[in-house]
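Student: The sequence isn't on hand, but the structure is:
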């Protein structure tokens, strides 16, 4: 499997940093219904909310690894386009959340041009023709089939994971699957990411601390830099990239659906440690989210019913409202089973309080 990946072309991951205790779960064994593997998967979802998904031995998994490598090659060429070209397909004029996004860094190239941390969000519904497509660079359209295959295959993996979660939660059959139907409008999307070499800055790292907005995230990375916060502590540890495996984590929706039984863990991205620090960092992410119209609230049934009922005064939002509020900075902070962890002196807190209390709010409509 390692030969199918390009990790060997990069400097080795640092050996002198503390590593996150992610367990490795075999996709092939999950597909086969192996009980021990399913139990380990569920335990990881409850305790850390992050795990490695080993694609080796799974036909579906190995297809995804191959497609991830192709998309990584693609995105390196994609991000070479001039800023002025990419800016035409960005926010806020094209869409406040999807398409091209960037942050200026305190780093300049040899010509004195300010470098960017860049990303491109490509909606599942655009790729599958389920909505009016946002304008996009021709390079995207030229690779339409690759994107289609990647979305369908990632969703097949996520459907497998949702099935195992549904069983462990003892919910009625297909409860979770029926909230994540691939043919319905949702916030599912592919994200391409690139960041040039830069130095570690704690203030910048803190600003990037977050939990994911949706249900399940599938991440491929080739360099280090992803950190997770050890639950119930303030300690940050690195996630080591593993050839042939992706990193999977749960998002806010799974916390809300299960009344805190499952964990959406806090994480952030910083410059790679050690020798990798001099390399441009690329990542490939697939975000799976509930259908746009699904209300993010506690599900009824199974072992969720045994969870304490807590009144937090929040007015439930739809999945689309939640994504747009968090994705555009209207809901700062990170979301855990305890609710939002606010950062002191954040000027956005007043607006966030309005959103959560159910007072009138302005959120972008579906495009």
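Tutor: Looks like it came in fine. These numbers come from a predicted model, not from an experiment. Residues are numbered from 1 along each chain as shown.
Student: give me the element residue 173 is part of.
Tutor: Using DSSP states H and E, residue 173 is not contained in any helix or strand.
Student: Spell out, range by range, the strands that occur in the stretch 101-250 of the chain.
Tutor: Remark: strands assigned in the stretch 101-250 of the chain by DSSP state E, counting those that start in this stretch are 114-123, 189-195, 216-221, 226-229, 236-238, 245-250.
Student: Now do the fourth one: which elements does it pack against?
Tutor: Contact here means 3 or more CB pairs under 8 Å, 6 or more residues apart in numbering; DSSP states H and E; on that basis strand 226-229 packs against strand 236-238, strand 267-269. Every C-beta, even on glycine, is put in place using the N, C-alpha and C of the backbone.
Student: now the helix or strand just after the last one and strand 114-123, what's the angle there?
Tutor: It stands for strand 267-269. Following strand 267-269 in sequence order, the next helix or strand is strand 281-288 (DSSP H and E). Angle, strand 281-288 to strand 114-123, by axes from the mean of the first three to the mean of the last three CA atoms, to 10 degrees: 30 degrees.
Student: the inter-axis angle of the next helix or strand after strand 281-288 versus strand 114-123?
Tutor: Using DSSP H and E, the helix or strand that follows strand 281-288 towards the C-terminus is helix 319-327. Orientation of helix 319-327 against strand 114-123 (the same axes, to 10 degrees) gives an angle of 180 degrees.
Student: And the average pLDDT for helix 319-327 is what?
Tutor: Average pLDDT, helix 319-327: 90.
Student: circling back: tell me which of the helices and strands packed on strand 226-229 lies nearest to residue 323.
Tutor: Taking CB to CB, strand 267-269 is the member of the helices and strands packed on strand 226-229 nearest to residue 323, at 17.7 Å.
Student: I figured residue 134 was touching residue 121, is that so?
Tutor: No. Residue 134 is beyond contact range of residue 121, at 9.6 Å (criterion: CB atoms under 8 Å).
Student: Those two: which has the busier surroundings?
Tutor: residue 121 (22 against 17; other CB atoms under 10 Å).
Student: so how far is residue 95 from that one?
Tutor: From residue 121 across to residue 95, the span is 8 Å (CB to CB, to the nearest Å).
Student: Mean pLDDT and distance to residue 68 for the strands of the stretch 101-250 of the chain - can I get that in CSV?
Tutor: Below are the strands of the stretch 101-250 of the chain laid out as CSV (pLDDT from 0 to 100; distance: least, CB to CB, whole Å):
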stretch, mean pLDDT, distance to residue 68
strand 114-123, 96, 14
strand 189-195, 98, 10
strand 216-221, 98, 4
strand 226-229, 97, 15
strand 236-238, 97, 20
strand 245-250, 98, 7
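Student: returning to that earlier point: joint contacts of residue 134 and residue 121?
Tutor: Listed contacts common to residue 134 and residue 121 are 98-99; contacts here mean CB atoms under 8 Å, 6 or more residues apart in numbering.
Student: where does the stretch 201-350 of the chain have low pLDDT?
Tutor: For the stretch 201-350 of the chain, the stretches with pLDDT under 70 are 311-313, 332-333, 337-350.
Student: just the helices and strands packed on strand 226-229: most buried one?
Tutor: Highest mean neighbour count among these (mean count of other CB atoms under 10 Å): strand 267-269, with a mean of 21.
Student: From the rest of the structure, what touches that strand?
Tutor: So strand 267-269 is in contact with 50, 195, 205-206, 208-211, 225-229, 236, 249, 283, going by CB under 8 Å, 6+ apart.
Student: between the residues you listed, which is closest to residue 330?
Tutor: Closest approach to residue 330 among the contacts of strand 267-269 (CB to CB): residue 210, at 13.7 Å.
Student: check contacts around that closest one.
Tutor: Residue 210 touches 266-268, 334, counting by CB under 8 Å, 6+ apart.
Student: what would those look like in JSON lines with distance to residue 253?
Tutor: Output for those, formatted as JSON lines (distance: CB to CB, whole Å):
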{"residue": "266", "distance to residue 253": "16"}
{"residue": "267", "distance to residue 253": "16"}
{"residue": "268", "distance to residue 253": "20"}
{"residue": "334", "distance to residue 253": "14"}
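Student: just the residues you listed now: which is nearest residue 245?
Tutor: Using CB to CB, the contacts of residue 210 come closest to residue 245 at residue 267, 16.8 Å.
Student: Bridged to the closest one, which residues?
Tutor: Beta-bridge partners recorded for residue 267 (DSSP bridges): residue 210, residue 228.
Student: From residue 47, how far off is it?
Tutor: From residue 267 to residue 47 the distance is 15 Å (CB to CB).
Student: Equivalent analysis for residue 39, please.
Tutor: Look at residue 39 and residue 47: by CB to CB, they are 12 Å apart.
Student: Then residue 302?
Tutor: Distance, residue 302 to residue 47, by CB to CB: 19 Å.
Student: Also residue 323?
Tutor: As defined by CB to CB, residue 323 lies at a distance of 26 Å from residue 47.
Student: Please say which of the two ends up with more neighbours.
Tutor: Comparing residue 323 with residue 47 by other CB under 10 Å, the one with more neighbours is residue 323, at 27 against 15.
Student: contacting residues around the more buried one?
Tutor: Contact analysis of residue 323 by CB under 8 Å, 6+ apart lists 97, 187, 213-214, 289.
Student: and if you look at residue 90?
Tutor: 99-102.
Student: Recalculate using a threshold of 7 Å.
Tutor: 99-101 (CB atoms under 7 Å, 6 or more residues apart in numbering).
Student: Residue 62 too?
Tutor: Neighbour list for residue 62: 4, 55 [criterion: CB under 7 Å, 6+ apart].
Student: how would you label it: helix, strand or coil?
Tutor: On the three-state scheme (DSSP: H, G, I helix; E, B strand; the rest coil), residue 62 is labelled helix.
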